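J.: The following comprises the amino acid sequence and a computationally predicted model.
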Amino acid sequence: MTQHSQLTQPEHESVDREKAQRATRLLLEALGEDPDRPGLEDTWERRVPDAFATLTEGQLEGAKPTMRTFDAESDDLVVKTSIPFYSLCEHHLLPFHGTAHVAYRPGEEVVGLSKLARYVRWQSRQLTMQERLTNDIASGLAEELDAPMVLVEMNATHLCEAMRGIETESTTTTRTTVGNPTDVEREQFQAALARAEGQ
C-alpha cells in the first residue's frame, strides 16, 4: 500500500478512505483484475474513494445546504420542477437518477428556489431507496421551512434494472405529501408537472 492509502477519515467526509481503498482492491481482485496494473491503480487509491465520498455526502449534517429564508408575502403554492438528482440504490450500490418536483405552501417564510435544488441534491447523496428518499425530502423540507404542506414527486431510472435483472430501462414514480393539500393546490402541482414535461 502506498503512503496515500494511510490517510485517515476526515470529519468532513463520509468515507473511511483506507477501508474504501482496501475494499476496492479486494473487489478488483475478486473480478480477476490486477489492482496495480496501469489504469486501475488510481481506481482503488483515489477515484472510487473520492466518488463515494461525494455520493454519500447526504450522511453529513455539515454538508446540508443552509436554508436561508425570507418573510413570506403570501401563502400561495411555491413549485420547483425538473430538479435533477442522482442517488445510490442501497441494494446494489448502483445509481438511480431522474428528476424531482417539489411544491410547498409557505408558513411565515420562503426559501430561495436554488436552495430547493441544493436540498434535493444533498438528500439524494446517500445509500437509499427511491421511496425513502421521496419521504425524506418531503418531511425534511416541511421541517426546515416550517411549511404546513409539502408535495414531492420523483421520477427515476434505476440502473439495477437497466443494467442487470430484467435489463429494461423504465421510469419509477414516487410521491409523498406532508400536510393536506387543497384541491386547487393539487391541480396547480399537476399543471406545473404537465408544463415541465411539455418543455
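T.: Structure received. Numbering: from 1, shown residues only.
J.: Going by C-alpha atoms from here, please, whenever you check contacts or count neighbours.
T.: Fine.
J.: residues touching the spatially closest residue to residue 157 that is not a sequence neighbour, list them.
T.: Leaving aside its chain neighbours, residue 157 sits nearest to residue 171 (5.0 Å; criterion: C-alpha to C-alpha, 6 or more residues apart in numbering). By C-alpha atoms under 8 Å, 6 or more residues apart in numbering, the residues touching residue 171 are 155, 156, 157, 158.
J.: and stretch 110-130, how far apart are its ends?
T.: 26 Å (C-alpha to C-alpha, to the nearest Å).
J.: Residues contacting it, please?
T.: Stretch 110-130 has contacts (C-alpha under 8 Å, 6+ apart) with 54-59, 63-72, 80, 83-90, 93, 100, 102, 133, 136-137, 145, 154, 156, 174.
J.: can you check stretch 69-81 too?
T.: Here stretch 69-81 makes contact (C-alpha under 8 Å, 6+ apart) with 99-113, 116, 145, 185, 188-189, 192-193, 196.
J.: domains for the chain, by residue range?
T.: Under the assignment automatic domain parsing, the domains of the chain span 3-55, 65-198.
J.: any idea which residue of the protein is furthest from its center?
T.: The centre of the chain is farthest from one residue, residue 37, which by C-alpha atoms, centre = their mean lies 33.3 Å away.
J.: Now do the helices in the protein.
T.: In the chain, the segments counted as helices under DSSP state H are 17-30, 41-42, 48-55, 113-124, 130-145, 159-162, 183-198.
J.: Closest to the centroid, which residue in the protein?
T.: Centroid-nearest residue in the chain: residue 124, 1.1 Å away (criterion: C-alpha atoms, centre = their mean).
J.: Low-confidence bits of the chain, can you list those?
T.: Counting by pLDDT under 70, the ranges of the chain that qualify are 1-12.
J.: measure stretch 106-119 end to end?
T.: Using C-alpha to C-alpha, one end of stretch 106-119 lies 16 Å from the other.
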